[in-house]
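Peer 1: kindly generate the corresponding structure for this input.
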Amino acid sequence: MGLAVCHSQRLCRLRFGGAVRVFVLFLLLRIGEATNPGPDDNFVLGAANPSGLRSKAPYVASHMAHGDVWAFSETHLSSRDVGSLNAGLKFAGSPFQPFLGGFPVPSSKTNAGTWKGVGVLSRTPVRRLPHDWPDEVSQSARALAFTTLVDDAWLTGGVVYGEPESHLYPNRLRHTEALLQSVISSVCYLATGPRFVAGDWNVLPHELPSFRMLEQAGFRDLQDLAFDRWAIIQPQATCKHRTRKDFCYISAELQALLVDVQVLWDVWPDHALLQGSFRRLKQCIPRDVWRSPSAFPWPKEWTVPGDLWYSLDGSPTEKYAQLWKKLEQSAEHALPFVPGRHTKGRAQTSKLSKMQVGKVPPVKLGRNGDFNPHFHGASFRHAQWVRQTRRLQAYVRHVHVHGSESNVACDIWAAIVRASGFHGGFAAWWEACPSKVFDAVQCLPPGPPNPACAQKIFETVVIEVRLLENQLKSSSKQYARLRRARNPNLIFSDIKDHPKNGVDFLLRPLKAAVVDLDHASNAIVVEPPQPWVTTRPVFCNGSELSVIHAEEDCLWVESLHNIDPGMSVSQLQSTGSKEDLASAFLDAWKQRWDKHRNVPHERWSVIIQFARNHLPRQELQWESLNVESLAHAISRRKRSSAMGLDGVSVVDLQSLPHSALSSFCLMFSEAESSGMWPCQLREGKVSCLACMRDGLSPDYGVGPVIQDLGFPSCEAWYSGD
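Peer 2: Okay, here's the model as predicted:
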């Protein structure tokens, strides 16, 4: 009897244990979900002024957890307060990374001086950007530039908290302009990819020149974009329901991903929460790039065979590419160093390539005593070289204390030797480096070097980095002020009329007001009439209308719900693809260029007969091009002339020896006899320029113009005879 009871109890335990295991396995099953679920559909970015963040960590964790990146103004946070806020966020279980504040607000027992502070709160780790701002700006606790990696794309942002209107700030406009100029220079001009500038600026729209500077860089405010795209109510006041002083300007990359804009008044008491919802950053539109080489350091004396063209095989296109490849190789052998790969590749590009924006990582902000860069723009090679310089600096510091035999020294030296970003590897790059300091080794040692040898290597790399930074500065817009300080003659070119912007994207917002509603036929009468297109969405008060039929002054919709007279109706007609742009401009230009099509045939007969009777006749003979005449024609060209799509500049042609020019003469002679030219010489680009700033159709060059939207400057690439 006892054995039977024990057996039954054991059987019950086995059955219960099996049921538990089945239940646990059932909990692990997820119906209708992918094995590796992706991130949320939307990415939320916004700006807020909480009037102080002290002791508000639980409130932030509960009411702002739906966002991904928040730019805060007027935080009132000192260094100790930032630590308390991060501890409170961690305790409340918020999804955010530690709060990153700007320069800490000085602690004070009174309210004087506490109306300061900026910072950023993000779901992904955030770090500051290195910059060269004046000390008054960087230590004002009112400006911050940062970056974070979201969806494998670097999102760069800036936060500015302008000085308020008070007797305590008599120069508030001038100081706020200085803050905005510094942040705009770092975010808008020296960074690439998705970017934004936000904050409580304590000024009205377009009260400062910085607003115009942002618009010229292609940035738009969230509320302005919402009004143009979805006919949402006019941009609202964000400060105490009276004035509009909170802004969030986003770049063209983020504008293409924007799906919704909200102004929330139920989060903070004095200022509205301005936020935008975007598609994930991984859906950024790639840019079409035509690869062109940079300047080549041509040697002063070198030569190539005069009949080089005859030694090449293939079509004229293939022979032309082989010709420039051999010319670059011959010039490289005559140089005492190996030029970079970015200086070569003339006549090798034949099609556009895709480039994903936001892939260039910015340089990390160095610690006290670390090597700091003098160039703060976006350059992948510069970031790699700065990282290598800091590795060498860390190695020198370590071996001075612990010697070169330690395990840490071996690990650091191995990372130095394996570093990327150097042509042929760091060891090969070092052998060809022309800027070695005195008594530096010619070849890198196989093992960790002694402190004296490592110091020489470090000093040499520092020199090379500074030379690279000088080259990058010379091609950067932000450093144009330095060149003008050295050469005042450039100021005369600044006072000329600015060239017209290129047309990258045609935007034509159609707006009309609702003047009457016909409930019997569900019709909306609008004024003024607009050329509505039924294939594009039409919005009223932020909601999309289901349009059945459209006339210029009337829209028939499925429902008139939430539509009242006086509201705005908007439709954004956009043209972005190269084919649509070409068609739009050709339709407009044909009206001017095809006027001769209506000329009667009899009129042409009179014109041709007049030419036969009165115009003189001459026999023209064109002499064959030789080396001397070609060299003379090249010497008369300006060295600053535009480069062709083959990547060949006037400087390149003027640097070639006469033996190389003979190959071009043979190429021209062959093309004249056969009629076949290399395609690199037949390809060109058409850049459409805006004839006026606010044009709304191809007749005026079309506007408004959005810069850097991911298209190659509306350049219609073509290949023709």
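
Peer 1: please make it C-alpha for all contacts and neighbour counts, starting now.
Peer 2: Noted.

Peer 1: tell me where the stretch 601-721 of the chain has helices.
Peer 2: Listed in chain order, the helices of the stretch 601-721 of the chain (DSSP state H, counting those that start in this stretch) span 601-614, 627-635, 650-654, 658-674, 679-682.

Peer 1: can you list the domains in the chain?
Peer 2: For the chain, the domain assignment from automatic domain parsing gives the residue ranges 42-284, 380-475, 513-568.

Peer 1: most tightly surrounded among those domains?
Peer 2: Among the domains of the chain, ranked by average contacts under mean count of other CA atoms under 10 Å, first place goes to domain 42-284 (a mean of 20).

Peer 1: ok, L661 - contacts?
Peer 2: Counting by CA atoms under 8 Å, 6 or more residues apart in numbering, L661 touches G306, V627, L630, A631.

Peer 1: actually D68, not the one I wrote
Peer 2: The contact partners of D68, by CA under 8 Å, 6+ apart, come to F43, V44, L45, S122, R123.

Peer 1: hmm, the first one is touching S277, no?
Peer 2: Yes - F43 is within contact range of S277, at 5.6 Å (criterion: CA atoms under 8 Å).

Peer 1: overlap in contacts, these two.
Peer 2: Shared contacts of F43 and S277, defined by CA under 8 Å, 6+ apart, are not found at any residue.

Peer 1: show me where the stretch 101-250 of the chain has its strands.
Peer 2: With DSSP state E, counting those that start in this stretch, the ranges of strands along the stretch 101-250 of the chain come out as 118-122, 126-128, 143-150, 153-160, 195-200, 220-221, 246-250.

Peer 1: what's the closest of the contacts of D68 to H519?
Peer 2: Of all those, V44 has the smallest distance to H519: 38.4 Å, by CA to CA.

Peer 1: my guess is the closest one is in a strand, correct?
Peer 2: Yes - judged by DSSP: H, G, I helix; E, B strand; the rest coil, V44 forms part of a strand.

Peer 1: hang on, the earlier thing: now the contacts of L661 as a markdown table including pLDDT?
Peer 2: Listed next are the contacts of L661 as a markdown table, based on pLDDT from 0 to 100:
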| residue | pLDDT |
| --- | --- |
| G306 | 76 |
| V627 | 89 |
| L630 | 91 |
| A631 | 90 |
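
Peer 1: now which of the residues you listed would you call buried?
Peer 2: Neighbour counting by 16 or more other CA atoms under 10 Å classes G306, V627, A631 among these as buried.

Peer 1: residues contacting the second one?
Peer 2: Looking back up the chat, that one is V627. H658, L661, S662, C665.

Peer 1: again, 6 Å this time
Peer 2: Counting by CA atoms under 6 Å, 6 or more residues apart in numbering, V627 touches L661, S662.

Peer 1: ok, now how distant is it from V120?
Peer 2: Using CA to CA, to the nearest Å, V627 is found at 64 Å from V120.

Peer 1: and the last one, by the same measure?
Peer 2: In this structure, A631 and V120 are separated by 60 Å, where distance is defined by CA to CA.

Peer 1: again with V183
Peer 2: Separation of V183 from V120 (CA to CA) stands at 14 Å.

Peer 1: likewise for P445?
Peer 2: P445 is 46 Å from V120, by CA to CA.

Peer 1: and if you look at A611?
Peer 2: Taking CA to CA, one finds A611 at 75 Å from V120.

Peer 1: cool, V526 as well?
Peer 2: Counting by CA to CA - V526 and V120 are separated by 44 Å.

Peer 1: same question for R128.
Peer 2: For R128, the distance to V120 equals 10 Å [CA to CA].

Peer 1: equivalent analysis for Q275, please.
Peer 2: 14 Å.

Peer 1: closest one of the contacts of L661 to L179?
Peer 2: Nearest to L179 among those is A631, at 52.7 Å by CA to CA.

Peer 1: for G52, what are phi and psi?
Peer 2: G52 adopts backbone torsions of phi 110, psi 130, taken as degrees, to the nearest 10.

Peer 1: so it versus D200, what's the distance?
Peer 2: 13 Å.

Peer 1: quick check: end-to-end length of stretch 188-205?
Peer 2: Counting by CA to CA, you get 19 Å between the two ends of stretch 188-205.

Peer 1: same deal with stretch 330-337?
Peer 2: Stretch 330-337 has an end-to-end distance of 13 Å (criterion: CA to CA).

Peer 1: renumber starting at 37 from here on
Peer 2: Okay, residue one is now 37; in that scheme the one you just asked about reads as stretch 366-373.

Peer 1: what residues does it touch?
Peer 2: Residues contacting stretch 366-373 (CA under 6 Å, 6+ apart): A468.

Peer 1: equivalent analysis for stretch 421-431, please.
Peer 2: F494.

Peer 1: hmm, try it at 8 Å
Peer 2: By CA under 8 Å, 6+ apart, the surrounding residues in contact with stretch 421-431 are 399, 406-407, 409, 445, 448-449, 452, 455, 457, 490, 493-494, 497-498, 501.

Peer 1: same question for stretch 224-231.
Peer 2: Stretch 224-231 has contacts (CA under 8 Å, 6+ apart) with 189-193, 223, 250, 253, 286-290, 393-396, 412-414, 512-514.

Peer 1: tell me the mean pLDDT over that stretch?
Peer 2: Stretch 224-231 carries an average pLDDT of 88.

Peer 1: cool, and stretch 120-135?
Peer 2: 93.

Peer 1: quick one: terminal-to-terminal distance for it?
Peer 2: End-to-end distance of stretch 120-135 (CA to CA): 10 Å.

Peer 1: tell me how far the nearest residue to M679 once chain neighbours are set aside lies from L504.
Peer 2: Of all residues beyond its chain neighbours, the one nearest M679 is S685 (4.7 Å), with distances taken as CA to CA, 6 or more residues apart in numbering. According to CA to CA, S685 and L504 sit 22 Å apart.

Peer 1: for S313, same thing?
Peer 2: Taking CA to CA, one finds S313 at 39 Å from L504.

Peer 1: can I get the domains of the chain in TSV including distance to G350?
Peer 2: Below are those laid out as TSV (distance: least, CA to CA, whole Å):
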stretch	distance to G350
domain 78-320	40
domain 416-511	30
domain 549-604	49
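
Peer 1: now do the contacts for V295.
Peer 2: Residues in contact with V295, defined by CA under 8 Å, 6+ apart, are G312, S313, F314, R315.

Peer 1: dump the helix or strand encompassing it to PDB, restricted to CA.
Peer 2: Take DSSP states H and E as the rule and V295 turns out to sit in strand 294-300. The C-alpha coordinates for strand 294-300 follow below in PDB (Å, rounded to 0.1, in the frame of the first residue of the first chain):
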ATOM      1  CA  LEU A 294       9.300  63.500 -41.400                       C
ATOM      2  CA  VAL A 295       5.800  62.100 -40.900                       C
ATOM      3  CA  ASP A 296       4.200  64.100 -38.100                       C
ATOM      4  CA  VAL A 297       4.700  67.200 -36.000                       C
ATOM      5  CA  GLN A 298       3.100  67.900 -32.600                       C
ATOM      6  CA  VAL A 299       3.000  70.800 -30.100                       C
ATOM      7  CA  LEU A 300       2.100  69.500 -26.700                       C
END
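
Peer 1: sheet partners, orientation included, of it?
Peer 2: Next to strand 294-300 in the sheet, as set by DSSP bridges, lie strand 309-315 (antiparallel).
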